[in-house]
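Asks: Take a look and give me a structure for this.
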Amino acid sequence: MRILLTNDDGIHAQGLQLLKEALAPLCELWVVAPSSQQSATSHSLTLGTILRRRKWEDRIFSVHGTPADSVLMGVNGLLKGREPDLVISGVNHGPNMGEDVHYSGTVAAAIEGAILGVPSVAISIASFRDQVFASAVRFMAETVRDHPERLTGPGTLLNINVPNLPWDQIQGVSVTRLGSRFYGDVIIKKQDPRGHEYFWIGGEEPTWAEGDDTDFHAVHTLHRISVTPLKLDFTDRDRIAAMAAWTCTFQPDEAGRRR
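Replies: As a prediction, this is how the structure comes out:
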């Protein structure tokens, strides 16, 4: 199996390094990751400036760009003609649950893999501090080794969040839906020594709406690993029929005018 490993915390991040060490004996592993921290860059691509790449060692590269750039560089650049069987993004230094997947560079890297036709997985630790990476690394490595078919089926796009707990305290795995976050983000205004204003986007720890089948409930209440299947198609299919009147509104009348 050929795996492309990436992240959004940068090539030197602990989560990526530990997962790299665990996966290397199990597959043909390639690492292509951002050269620096790229959290919350979502699915941005570098289009207006040049994209630089650095080789650190055999099959280990960094890209001076975003997580999506890294996957694109790996699949369509370094591995062109021998595409990976799987893209893994992580282990992220913090959770990616609910609506936060829209901001996440970690999830965006997996989405880019899926867009390119490669089964893809994002995996994150559900804590912003004092992360216990061993459990997430073990879960990912054992799944690659023992159940690769769970990761490599056509169209696979998974978002995994692992409780920040030792392995013996994790209570299993739940297949979940995305939860819903209550946003408390604020704009914090500061002033530099020259009197110029600057701003931080900040806020309190996120809180979540309850729901027994959500990623948040599985991780924080049940202490279980959350596995959420995602899809690329954002279409609200239930609304299509309700919007049928839109098409009638724009039909030309006998004089060729729009009604």
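Asks: So, low pLDDT: which residues of the chain?
Replies: For the chain, the stretches flagged by pLDDT under 70 are 182-185, 202-206, 249-259.
Asks: can you map out the strands along it?
Replies: 2-6, 28-34, 53-57, 60-63, 86-92, 120-125, 157-162, 173-175, 181-182, 186-191, 197-202, 207-208, 225-229 (DSSP state E).
Asks: just these: most buried one?
Replies: For the strands of the chain, the largest average neighbour count (mean count of other C-beta atoms under 10 Å) is found in strand 86-92, namely a mean of 30. Where C-beta positions appear, they are placed from N, C-alpha and C, glycine not excepted.
Asks: H102: what's it in contact with?
Replies: Shown in contact with H102 (C-beta atoms under 8 Å, 6 or more residues apart in numbering): S42.
Asks: all numbers from here: first residue = 20
Replies: Will do, 20 is the new start, and the previous item becomes H121.
Asks: What separation do you get for it and A59?
Replies: Here H121 is placed at a distance of 10 Å from A59 (C-beta to C-beta, to the nearest Å).
Asks: give the contact list for the residue nearest in space to the middle of the chain.
Replies: Closest residue to the average C-alpha location of the chain: V126 at 1.1 Å, with C-alpha atoms, centre = their mean. The contact partners of V126, by C-beta under 8 Å, 6+ apart, come to S108, N115, V120, A141, N178, L249.
Asks: before we move on, what about D104?
Replies: By C-beta under 8 Å, 6+ apart, D104 lies in contact with M20, R21, I22, V137, P138, T171.
Asks: rerun at 6 Å
Replies: M20, R21, T171 (C-beta atoms under 6 Å, 6 or more residues apart in numbering).
Asks: I'd like to know how far the nearest residue to A87 once chain neighbours are set aside sits from N95.
Replies: Leaving out its chain neighbours, the residue that sits closest to A87 by C-beta to C-beta, 6 or more residues apart in numbering is E131, at 4.3 Å. The spacing between E131 and N95, counted by C-beta to C-beta, is 10 Å.
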